[in-house]
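**Q** just coords:
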């Protein structure tokens, strides 16, 4: 079992930055591929980024590549982060972190077994 709790969302102006955190509990956190997804009102939940269990491989949606960075701390805090820079109004969504053992299907939300409750990110002037 893995429990996930996101934090760090908020209101930011276009061009600004936020760092989301996802704290995990459960002794097997380091085995899981971790992903970030987002969902805007009336839209499907979309893949944002994922990171392999070791942290050595990262994956990004084209829409965030070069602006967002995913990282994880297995050793000390069992936490995965999403650093978001150069934010745009279209990044406004509820952001969710999730955990899966299925690295091959990392972009597919159906492949994830555990989800956090989500944190709202609003990019607006």
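**A** Received the coordinates, thanks. Computed from a prediction, not measured in an experiment: that's the story for all the values here.

**Q** For residue 29, give me phi and psi.
**A** phi -50, psi -40 (degrees, to the nearest 10).

**Q** Next one: the nearest residue to it once chain neighbours are set aside from residue 33, what distance?
**A** The shortest distance from residue 29 to any non-neighbouring residue, by Cβ to Cβ, 6 or more residues apart in numbering, is to residue 78 (4.5 Å). C-betas here are computed from N, CA, C, even on glycine. In this view, residue 78 and residue 33 are 14 Å apart by Cβ to Cβ, to the nearest Å.

**Q** the more surrounded of those two?
**A** Ranked by neighbour count (other Cβ atoms under 10 Å), residue 78 and residue 33 place residue 33 first, with 23 against 17.

**Q** which element is the residue most central in space within the chain on?
**A** Among the residues of the chain, residue 36 comes closest to the average C-alpha position under Cα atoms, centre = their mean, at 2.3 Å. Assigned by DSSP states H and E, residue 36 belongs to strand 33-39.
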